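> next one to model:
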Amino acid sequence: MQIRPLADRVVIKPIDETEVKKGGIIIPDTAKEKPQEGEIVEVGPGRITDDGKKISLEVKKGDKVLYGKYSGTEITVDNADYLILRETDILAVFEK
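Numbers count the residues shown, from 1 in each chain. You can find the predicted model right below:
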């Protein structure tokens, strides 16, 4: 199944933080925080303004982004977790 976001929404695959920290301490699942980094897997066509102009998105498929901790809606498709959120909920794009 494929997800096609509408308007200015994007689909993000969250990147889980590593289970072992630098000191070798293993963090249990219950103590982990929600991930705030992810990779964009799909983007919507863009937002339509009140006067009918389309504003395309600044992000693109494949961008690694930083988003707000409690932003968007979590979904599961084919046993994979994704997050759907608006482009305005993205805080930054990681440059290569």
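> can you pull the contacts of Asp8?
Gly44, Gly46, Arg47, Ile55, Leu57, Arg86, Glu87, Thr88 (CB atoms under 8 Å, 6 or more residues apart in numbering). All C-beta spots, glycine's among them, are computed from the backbone N, C-alpha and C.
> please name the nearest non-neighbouring residue to it.
Arg47 (4.1 Å; CB to CB, 6 or more residues apart in numbering).
> Asp16 versus the one you found, what's the distance?
Counting by CB to CB, to the nearest Å, the gap from Arg47 to Asp16 is 30 Å.
> looking at those two, which one has more neighbours?
Arg47 (17 against 12; other CB atoms under 10 Å).
> show me what whichever helix or strand Glu39 is part of is packed up against.
Using DSSP states H and E, Glu39 sits in strand 37-43. For strand 37-43, the packing partners by 3 or more CB pairs under 8 Å, 6 or more residues apart in numbering; DSSP states H and E come out as strand 9-14, strand 64-67.
> out of the ones you listed, which comes closest to Thr73?
strand 9-14 (9.4 Å; CB to CB).
> so which elements touch the closest one?
Using 3+ CB pairs under 8 Å, 6+ apart: strand 9-14 touches strand 37-43, strand 80-86.
> convert that strand to CSV, retaining C-alpha atoms only.
Extracted in CSV, the C-alpha atoms of strand 9-14 (Å, rounded to 0.1, in the frame of the first residue of the first chain):
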residue,chain,number,x,y,z
ARG,A,9,1.4,17.4,4.2
VAL,A,10,4.4,15.0,4.2
VAL,A,11,4.9,11.4,5.2
ILE,A,12,7.9,10.8,7.4
LYS,A,13,9.6,7.5,8.4
PRO,A,14,10.9,8.2,12.0
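> can you pull the buried residues of that strand?
Arg9, Val10, Val11, Ile12, Pro14 (16 or more other CB atoms under 10 Å).
> now pLDDT too, for those, in JSON lines please.
Shown next, in JSON lines, are the buried residues of strand 9-14 (pLDDT from 0 to 100):
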{"residue": "Arg9", "pLDDT": "96"}
{"residue": "Val10", "pLDDT": "97"}
{"residue": "Val11", "pLDDT": "97"}
{"residue": "Ile12", "pLDDT": "96"}
{"residue": "Pro14", "pLDDT": "93"}
